[in-house]
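> Can you look at this prediction? I've put the sequence above it.
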Amino acid sequence: MIVSTVFPDNVTLVAILNILGLVINVVSLFIFIWVYSHFCIAELPLAVEPGMSSTSCLDRSWQLTKGLVIQITGVITVAFLITIPLGVLAFIPIVLIIPSLFMAPSPEALISSLGVLIPLTFIMIILAGLLVMPFWQIIKAVIYYDLRNRREGMGLQLRH
């Protein structure tokens, strides 16, 4: 911890600052998730509904998600947990090659190892993104369709 190196003698101050940092991080995460849950479908009205502008899409997304943020957050969390393994697979080359970088016999060997590691990692991240992006777009489309059905009925014909 950075705090423990700055204040090595005051254990209470270090503990309080670490707890305060943890609380700030957790609160920041919840604020981010709350805002993301409101705006995760913001681009869909632009693609689906006629006559929409970028600012009206933000307002539309806010109106559709109002009152359903907890449910949307649950769906987003489950989708994120499903995509974690692909993200982990993308970083396996880094985990396997980095220990060998510390044992490089010369600077030239280090540079050649980096010359392999950086493009390989870049390719793995791009491939993981190619696999994950359609999944996220489907999740957002399903959320949008469900919200439209809940809020507006979306063309349902009700009997009198």
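Received it, and whenever you're ready, just let me know what you need.
> From Ile82, how far off is Phe135?
In this structure, Phe135 lies at 8 Å from Ile82, with Cβ to Cβ, to the nearest Å as the measure. For glycine as for every other residue, the C-beta is placed from the backbone atoms N, C-alpha and C.
> Contacts for stretch 47-59, please.
With contacts defined as Cβ atoms under 8 Å, 6 or more residues apart in numbering, stretch 47-59 is touched by Phe39, Ala42, Glu43, Leu44, Pro45, Leu46, Arg60, Tyr144.
> would CSV of the residues you listed with distance to Val23, secondary structure and pLDDT be doable?
Supplementary listing: these in CSV, determined by distance: Cβ to Cβ, whole Å; DSSP: H, G, I helix; E, B strand; the rest coil; pLDDT from 0 to 100:
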residue, distance to Val23, secondary structure, pLDDT
Phe39, 25, helix, 91
Ala42, 29, coil, 89
Glu43, 33, coil, 89
Leu44, 35, helix, 89
Pro45, 36, helix, 88
Leu46, 37, helix, 87
Arg60, 34, helix, 89
Tyr144, 34, helix, 92
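> Arrange these in JSON lines, one row each, with distance to Ser53 and neighbour count as further columns.
Supplementary listing: these in JSON lines, determined by distance: Cβ to Cβ, whole Å; neighbours: other Cβ atoms under 10 Å:
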{"residue": "Phe39", "distance to Ser53": "15", "neighbour count": "13"}
{"residue": "Ala42", "distance to Ser53": "12", "neighbour count": "19"}
{"residue": "Glu43", "distance to Ser53": "12", "neighbour count": "17"}
{"residue": "Leu44", "distance to Ser53": "14", "neighbour count": "22"}
{"residue": "Pro45", "distance to Ser53": "10", "neighbour count": "22"}
{"residue": "Leu46", "distance to Ser53": "8", "neighbour count": "15"}
{"residue": "Arg60", "distance to Ser53": "10", "neighbour count": "20"}
{"residue": "Tyr144", "distance to Ser53": "17", "neighbour count": "22"}
